[in-house]
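>>> next come a sequence and a model predicted from it.
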Amino acid sequence: MRLVKFLKFGQVVLENYGSQRSLLFPGFTFLLLLTAIMIPPLFAAVVPPSTPLAAKQHLVINNGAEIATLDPHTVIGIAEENVLHDLLEGLVSFDTQGQIRPAVATHWHASADNRCWTFYLRPEARWSNGEPLTAQDFVYSWQRLADPQTASPNANYLQELQLLNSAAVIHQQQPLQTLGIRALDNHRLQLQLTQPMPHLPTLLAHPVLYPVHQGTIEHHQGLDQQWATAEHFVGNGAYQINTWVTNEKLTLHRNPTYWDNTNTVIDSVTYLTLSDSTVDLRRYQAGEIDITNTKIPTEYLLKLPAQGSVDLCITPALSVYGYKFNTQRPPFNNRQVRRALTLALDRQALVDINRVAALLGQTVANQLNPPKILNSQPLQPIWTRGTREQRQQQACQWLHAAGYSEQRPLRFSLLYNAAPLHERWAIAVRAQWQNCFGPLVDINLVAEEWRVYLRSCQSGQYQAARVFWTAAYPHPSALLNLFYSANNRSGTFWHNPEFDHWLNQSIQASDETERARCYQQAEQLLVDEVPMMPIFHSDCVRLVKPYVGGFSRQNPMNAIYTKDLYLIQQAQTPSCYRQ
């Protein structure tokens, strides 16, 4: 077995690559992972010496929406993932720099061919009810994820890991027990892969791979997920549920059985469900909220002085905003229609409308992945060529060729989750289409509450819908895998054997140059077929009170773990949520 070690080797990697590539460069990330577990890890809040702490360690965060579920196997929204980071913990997690750190697993090693991985679990890990957490808990959880009866929209994530027999188990061709995960004993977990995956640990921080408590689930089996309610939820994370008031707030308290509870500082955290960014801002300014959601009103940002604000926290992100098409339903089962609508948009004009695009890190998206994560030249799609008038003329010709006319206009609904920001974007996009096509199009804007919107997207009950995807791990495959035919996690129902081929080839590539070529070919197919229409990439922008310590501005994964934070002593405006 090839043990993952040698800190000195990691220093050489830093010296050779640090000045040439960003930390998002995949090859560098993989090499760094091989040494990460030997670097002294930062497991919880690191408070600088002599820092006076607030007497009341109660954090208030606006989560932006009411969470739909606490079942990690059925979660598809960011709001839910934010809470699960506190309630559950996987084998690994992201540190404040977006790098992998040990979590339930203290260390791991891989076979020489990177197909067999062994993880060593901490003996002190416990569930919130006091029971020991064992390797068998991960076996049960991942088998439940793959089980067709769970009907998880995330089951195919196991195929992204290249976990042995995952496809066969998901499609009921083999029993759950054949899945490539097994407990060697209580504290050793072994994963068998079908392909070498040297960057496997990077993929294991995703909430879908968090363990769930078997006894609680089986006790409430058939009771409409009663195990995932405030009264019954059993987790292994740093926090546990205290109160849950639907459409208002979810409050968590420290979990005394958590293995690193002694190094955790925040005693409780309240997640609010405010979808209106203006209300979010007002409550932040009133001192009722410590960390806002990621939608800051443009009017506020425009009033900031040139040097910005100490509260404004901008962190890099691996994200893309745009609209996806249901390629199985008319009219978007016609590629010509998807291409026409995509060609007609002036992305730069849309980004410029915001007036604070530069501050928000918004840049025009001409492909799925942001350039900073790619080790290749950005693509130059057809919508980047020629003049705007030429592109619009071609778009109209394509719509006519698809059979649409003033007598038979293209009619469809554009779905988005109800929020002022998304409404403004939808109105601006529709206006551009109407300006280009005139009576050739008839577009209906549809706003749905978050939970309903998620269900509509997941079930395919939409024609075109807003999406904002962030990479689950710092690698091009994170977003590309959304479109892999066996996964269909994009919700576009788009299948392309050639696209699948290039993703399969990327796994078998012998070096980073070849792997990057495979990803570029896959990106080109997305540009040609347009199952999703990208508009912009952006950074993550929040307002964070200066007394919130430990909040990182260098974390491209934007995974906030409350256990990493602390509140510094200073005069705080009384908050109704901290009573």
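Nice, I can see it.
>>> Lys372: neighbouring residues, count only.
16 (other C-beta atoms under 10 Å). Any C-beta I mention is one placed from the backbone N, CA and C, and that applies to glycine too.
>>> wait, a helix at it?
Yes. Residue state for Lys372 (DSSP: H, G, I helix; E, B strand; the rest coil) corresponds to a helix.
>>> any idea how far it is from Leu503?
The span separating Lys372 from Leu503 equals 21 Å under the rule C-beta to C-beta, to the nearest Å.
>>> could you list every residue that touches the residue lying closest to Thr327 once chain neighbours are set aside?
Distances taken as C-beta to C-beta, 6 or more residues apart in numbering put Trp494 closest to Thr327, at 4.5 Å, once the chain neighbours are dropped. Applying C-beta atoms under 8 Å, 6 or more residues apart in numbering to Trp494 gives the contacts 327, 483, 529, 531.
>>> quick check: the farthest pair among these?
Taking C-beta to C-beta as the measure, those span a maximum distance of 10.5 Å, between Thr327 and Phe483.
>>> compare the two (neighbour count), which wins?
Neighbours per residue (other C-beta under 10 Å) separate Thr327 from Phe483, with Phe483 holding more: 25 against 21.
>>> can you classify the nearest residue to that one once chain neighbours are set aside by secondary structure?
Spatially, and ignoring its direct neighbours in sequence, Phe483 is nearest to Ser490 (5.1 Å; C-beta to C-beta, 6+ apart). The three-state label given to Ser490 by three-state DSSP is coil.
>>> what's the answer for Trp108, then?
Here Trp108 is recorded as strand under three-state DSSP.
>>> bridging residues for it?
In this structure, Trp108 has beta-bridge partners Phe119, where bridges are defined by DSSP bridges.
>>> restricted to strands, list the contacts of Trp494.
Cross-referencing those with the strands (criterion: DSSP state E) gives no overlap at all.
>>> doesn't Cys436 make contact with Leu399?
No. The pair Leu399 / Cys436 is not scored as a contact, 9.4 Å apart, by C-beta atoms under 8 Å.
>>> so which helix or strand takes in the nearest residue to Thr562 once chain neighbours are set aside?
Residue nearest to Thr562 in three dimensions, not counting chain neighbours: Val269, with 4.7 Å by C-beta to C-beta, 6+ apart. For Val269, the enclosing helix or strand under DSSP states H and E is strand 268-272.
>>> any idea of the mean pLDDT for that strand?
Averaging the model's pLDDT scores along strand 268-272 yields 98.
>>> cool, stretch 330-345 as well?
97.
>>> buried residues in that stretch?
With burial defined by 16 or more other C-beta atoms under 10 Å, the residues of stretch 330-345 counted as buried are 331-332, 334-345.
>>> give me the residues contacting that stretch.
Counting by C-beta under 8 Å, 6+ apart, stretch 330-345 makes contact with 325-327, 382-383, 391-392, 394-396, 398-399, 401-402, 404, 410-412, 429, 432-433, 436-437, 463-464, 529-531, 533, 535, all of which sit outside it.
>>> could you redo the last one with a cut-off of 7 Å?
For stretch 330-345, the surrounding residues in contact (C-beta atoms under 7 Å, 6 or more residues apart in numbering) are 325-327, 382-383, 391-392, 394-395, 398-399, 401-402, 410, 412, 429, 432-433, 436-437, 463-464, 529-530, 533.
>>> swap in stretch 391-411?
Contacts with stretch 391-411, where a contact means C-beta under 7 Å, 6+ apart, come from 331, 334, 336-337, 339-340, 343-344, 383, 436-437, 439-442.
>>> so for that stretch, first residue to last residue, what's the gap.
21 Å (C-alpha to C-alpha, to the nearest Å).
>>> avg pLDDT for it?
For stretch 391-411, mean pLDDT is 97.
>>> pull out the buried residues from it.
Of the residues in stretch 391-411, those buried under the neighbour-count criterion (16+ other C-beta under 10 Å) are 391-392, 394-396, 398-399, 402, 404, 409-410.
>>> just how off-centre is it within its chain?
36 Å (C-alpha atoms, centre = their mean, to the nearest Å).
>>> same thing with stretch 214-227?
Its chain's C-alpha centre lies 27 Å from the corresponding centre of stretch 214-227 when counted by C-alpha atoms, centre = their mean.
>>> with stretch 288-306 instead?
22 Å.
>>> for stretch 349-360, same thing?
In terms of C-alpha atoms, centre = their mean, the centre of stretch 349-360 is set 23 Å apart from its chain centre.
>>> before we go further, Ala55 is sitting in a strand, right?
No. Membership of Ala55 in a strand is not supported by three-state DSSP, which gives coil.
>>> next one: it from Arg578, what distance?
11 Å.
>>> so of the buried residues of stretch 330-345, which ones are in helices?
Cross-referencing these against helices under DSSP state H gives 335-344.
>>> ok, so what distance separates the nearest residue in space to Leu421 that is not next to it in sequence from Tyr404?
What sits nearest to Leu421 in space, not counting adjacent residues and going by C-beta to C-beta, 6+ apart, is Lys295, at 4.9 Å. Per C-beta to C-beta, Lys295 is found 35 Å from Tyr404.
>>> same thing with Glu89?
Computed as C-beta to C-beta, the Glu89 to Tyr404 distance reads 52 Å.
>>> picking that back up, out of the buried residues of stretch 391-411, list just those in helices.
Counting by DSSP H, the members of the buried residues of stretch 391-411 that fall within helices are 391-392, 394-396, 398-399.
>>> in CSV, list these along with distance to Arg101.
Formatted as CSV, these follow (distance: C-beta to C-beta, whole Å):
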residue, distance to Arg101
Arg391, 46
Gln392, 50
Gln394, 50
Ala395, 48
Cys396, 53
Trp398, 49
Leu399, 51
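>>> residues in contact with Ala428?
Under the criterion of C-beta under 7 Å, 6+ apart, the contact partners of Ala428 comprise 350, 353.
>>> follow-up on the earlier one: and the residue nearest to Thr327, what's its pLDDT?
According to the per-residue confidence, Trp494 scores 97 in pLDDT.
>>> which helix or which strand is home to it?
When secondary structure is defined using DSSP H and E, no element contains Trp494, which sits outside every helix and strand.
>>> next one: Arg282
helix 277-285.
>>> same question for Arg517.
When elements are assigned from DSSP H and E, Arg517 belongs to helix 512-529.
>>> returning to that earlier point: which one of the ones in helices among the buried residues of stretch 330-345 is nearest to Cys457?
Comparing those against Cys457 with C-beta to C-beta picks out Arg338 as the nearest, at 16.9 Å.
>>> what's the closest non-adjacent residue to the closest one?
Beyond its immediate neighbours in the sequence, the residue positioned closest to Arg338 (C-beta to C-beta, 6+ apart) is Val530, lying 4.2 Å away.
>>> ok, the one you found to Leu368 distance?
In this view, Val530 and Leu368 are 11 Å apart by C-beta to C-beta.
>>> with Val310 instead?
34 Å.
>>> just Ala205 next, same as before
21 Å.
>>> how many other residues sit next to the residue lying closest to Arg553 once chain neighbours are set aside?
Nearest residue to Arg553 in three dimensions, chain neighbours excluded: Thr315, at 5.2 Å (C-beta to C-beta, 6+ apart). A count of neighbours around Thr315, defined by other C-beta under 10 Å, yields 19.
>>> over to Gln149?
For Gln149, which is what you asked about, the neighbour count (other C-beta under 10 Å) is 8.
>>> that one: what secondary structure?
At Gln149 the chain is in helix, as set by three-state DSSP.
>>> surely Ser128 meets Ala238?
No. Counting by C-beta atoms under 7 Å, Ala238 is not a contact partner of Ser128; they are 10.0 Å apart.
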